[in-house]
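In: this one's sequence-less:
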């Protein structure tokens with residue numbers, strides 16, 4: 001009681017507020033009711049522990065802050081018995097139970113539509129997802145016959161154990177493994193925070209772990225999506241988002257939002273989506289998103305910025321996001337974004353993708369080893385598609401050797417920096433058709449090719465007719481558009497680095513194209529002042545994660561970029577930390593800490609794992625498992641909290657799970673993809 005009284009006096013002294021304005025929420029409390037019962041301006045402090053089913057509709061100036069270890073969990077735990085039936089193990093919900101709502105698919109609901117999904121009959125849009133030991137399971141069958149017939153051809157054999165099926169009529173889940181000794185959950189609560197038509201301003205969300213919410217695709221565990229009004233001034237910072245079905249954060253009709261220092265990983269579809277005027281998106285780590293295999297063409301990956309004006313996207317770390325892009329701008333009213341000082345590595349799509357954007361600058365970024373899961377010029381490190389007046393300068397791109405994994409029978413080179421024009425399609429209403437000329441000014445970049453394939457330049461559909469008329473009679477002047485494309489783009493003063501066997505013409509091209517009947521058009525002065533050398537052994541090009549910081553000094557090719565690049569959370573600094581739990585800190589009064597997470601696991605160059613924060617036990621260990629749960633490597637570690645890096649040696653390509661334990665208790669887990 002004396003402790004609580006001291007806290008109240010301290011808050012009153014420092015902030016001039018009464019103790020009643022700070023409301024403590026314990027695990028098990030009814031969060032929705034508590035938030036509804038308190039006025040604007042209330043601070044809610046979530047105590048450490050698991051808050052299952054936490055959800056609310058905030059009011060203006062409310063603050064949601066977590067103690068270190070506060071976890072908001074949108075799933076229910078399945079605690080009943082799994083019964084073996086032949087080759088399967090089953091779990092049946094009782095006819096009358098409070099354990100979980102009936103996860104039926106509403107009539108006409110588009111979650112049954114697989115067009116958004118990238119492989120097989122993956123029902124990626126089903127919100128209620130099964131989770132086993134923090135591994136998201138794949139809902140890959142429409143009926144029992146399909147489930148029994150075996151996996152789809154496109155589904156890897158070593159992942160078959162986490163394929164599941166739910167039979168609506170019998171209320172029964174079918175899996176291929178005994179789960180009686182496992183922690184099994186099902187996502188059920190749609191979101192932690194949702195807003196309605198009532199304007200809601202200056203909300204703060206800080207230092208919370210937000211996981212396993214059944215948010216629909218294109219919606220987030222935090223939703224600020226207004227119908228007829230605009231929310232302003234929100235800050236979401238120092239949170240960890242993991243294992244949510246759709247996105248971590250989704251915002252629309254929002255002004256002056258700040259998304260800062262969050263650790264966003266293993267979302268089912270995408271890390272962040274949406275936008276609005278004056279968005280600040282900085283120092284976030286986005287990794288291993290699109291676990292459920294949403295199609296990149298539909299929408300997936302790390303981010304998608306839409307309806308943004310004067311946005312600042314800087315010092316973020318987007319890496320290992322499946323199929324989709326790292327930092328992606330799309331929608332024609334986007335304009336004047338600054339994309340600066342980010343690191344984008346190992347994303348399936350482009351590292352940085354400016355699609356249907358206007359007047360933005362892409363500067364001082366590092367974009368490497370991206371694009372392996374995209375076709376044509378979309379397999380690239382930085383790409384402008386149908387965006388006007390985009391300045392691309394002072395970036396470092398690195399492309400390794402090899403082809404894309406694009407699985408339609410065609411294989412494409414992975415490229416450096418590309419700008420593309422494509423003819424208009426006639427699908428959909430005329431109002432949705434756009435004939436936009438991509439215009440880039442590409443200059444003073446360092447563009448590295450470690451292998452003998454790939455290039456930079458401009459690409460457009462060939463043999464374009466003068467006009468195209470769609471079925472509804474609308475006519476478009478295609479040839480004038482593509483000629484404008486070739487006449488307006490510029491690329492020069494770049495530094496290329498490639499193997500000895502390659503020439504400038506090979507790495508810096510194409511700069512010309514055929515418009516119609518053999519008529520050629522070229523980009524004026526294409527790379528006239530650019531240079532090529534054969535120094536590709538600089539360790540900067542291959543250094544990953546925290547090791548990259550060693551090369552961010554005065555010797556970096558673009559020294560003016562170093563300040564922003566040093567703020568990228570390469571070493572696990574994003575996410576909850578002890579300082580962020582302080583309810584006295586208002587706005588952006590937090591300083592970055594070198595050891596942000598309580599326990600962190602990160603991959604180091606595909607050959608080692610770094611673990612930090614294992615404290616309080618000499619019996620600390622790191623276990624690497626395949627997706628069947630079989631241990632393939634195990635390491636003993638000290639429990640002093642210091643960072644430890646262990647080499648796991650040669651492992652076959654595939655997906656693995658790394659788990660950190662102290663005294664037999666699981667403290668952290670992460671999924672690794674080894675190529």
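Out: Arrived safely, thanks for sending. Note that this is a predicted model, so its numbers are computed, not measured.

In: every contact and neighbour count from this point should use C-alpha atoms.
Out: OK.

In: pLDDT score for residue 185?
Out: Listed pLDDT for residue 185 reads 92.

In: got the phi/psi numbers for it?
Out: Backbone torsions of residue 185, given as degrees, to the nearest 10, read phi -130, psi 160.

In: for the stretch 151-300 of the chain, which spans come out with low pLDDT?
Out: Residue ranges of the stretch 151-300 of the chain with pLDDT under 70: 151-162, 197, 226-227.

In: ok, and the closest non-adjacent residue to residue 400?
Out: Distance criterion Cα to Cα, 6 or more residues apart in numbering; nearest residue to residue 400, sequence neighbours excluded, is residue 450 at 4.9 Å.

In: what about that neighbour, how many neighbours?
Out: By the criterion of other Cα atoms under 10 Å, residue 450 has 20 neighbours.

In: I'd say it and residue 399 touch.
Out: Yes: Residue 450 is within contact range of residue 399, at 6.1 Å (criterion: Cα atoms under 8 Å).

In: returning to that earlier point: show the backbone phi and psi for the residue nearest to residue 400.
Out: For residue 450, the backbone dihedrals are phi -80, psi -10 (criterion: degrees, to the nearest 10).

In: show the contacting residues for it.
Out: Counting by Cα atoms under 8 Å, 6 or more residues apart in numbering, residue 450 makes contact with 398, 399, 400, 401, 498, 499, 536.

In: please apply the same query to residue 494.
Out: Residues near residue 494 by Cα under 8 Å, 6+ apart: 442, 443, 444, 445, 446, 447, 527, 529, 530, 531.

In: can you map out the strands along the stretch 51-200 of the chain?
Out: Assigned by DSSP state E, counting those that start in this stretch, the strands in the stretch 51-200 of the chain fall at 63-66, 70-73, 75-77, 83-85, 88-92, 130-132, 135-136, 138-139, 163-167, 172-175, 184-187.

In: which one of those lies closest to residue 312?
Out: With Cα to Cα as the criterion, residue 312 lies closest to strand 63-66 of the strands of the stretch 51-200 of the chain, at 23.8 Å.

In: now do the closest one, average pLDDT.
Out: Here strand 63-66 scores 96 as its mean pLDDT.

In: direction included, what does it pair up with?
Out: Strand 63-66 has its sheet partners listed here by DSSP bridges as strand 43-46 (parallel), strand 204-206 (parallel).

In: CSV for these, including mean neighbour count and distance to residue 482?
Out: As requested, the strands paired with strand 63-66 are exported to CSV (neighbours: other Cα atoms under 10 Å; distance: least, Cα to Cα, whole Å):
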stretch, mean neighbour count, distance to residue 482
strand 43-46, 24, 56
strand 204-206, 23, 47
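
In: now those strands as TSV including distance to residue 246?
Out: Listed next are the strands paired with strand 63-66 as TSV, based on distance: least, Cα to Cα, whole Å:
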stretch	distance to residue 246
strand 43-46	24
strand 204-206	19
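
In: out of the contacts of residue 494, which is most surrounded?
Out: residue 447 (27 neighbours).

In: wait, what's in contact with the residue most central in space within the chain?
Out: The residue lying closest to the centre of the chain (Cα atoms, centre = their mean) is residue 302, at 2.2 Å. Residue 302 sits next to 270-272, 286-287, 289-290, 318, 321, 324-327 when contact means Cα under 8 Å, 6+ apart.

In: try 7 Å
Out: 270, 271, 272, 286, 289, 318, 321, 324, 325, 326, 327 (Cα atoms under 7 Å, 6 or more residues apart in numbering).

In: my guess is the first one contacts residue 305. True?
Out: No: applying Cα atoms under 7 Å, one finds residue 270 not in contact with residue 305, separated by 11.6 Å.

In: pick the most deeply packed of the strands of the stretch 51-200 of the chain.
Out: Per residue and on average, the most neighbours among these fall to strand 63-66, with a mean of 26 (mean count of other Cα atoms under 10 Å).

In: just how off-centre is it within its chain?
Out: The chain centre lies 23 Å from the centre of strand 63-66; the measure is Cα atoms, centre = their mean, to the nearest Å.

In: and residue 308, how many residues sit next to it?
Out: Residues within reach of residue 308, counting by other Cα under 10 Å, total 27.

In: do the same with residue 169
Out: 7.

In: I'd like the distance from it to residue 93, if you could.
Out: Separation of residue 169 from residue 93 (Cα to Cα, to the nearest Å) stands at 11 Å.

In: again with residue 413
Out: 50 Å.

In: also residue 82?
Out: Relative to residue 93, residue 82 is positioned 11 Å away (Cα to Cα).

In: partners of the host helix or strand of residue 313, with directions?
Out: Assessed by DSSP states H and E, residue 313 sits inside strand 312-314. With DSSP bridges as the test, strand 312-314 is paired with strand 280-282 (parallel), strand 338-340 (parallel).
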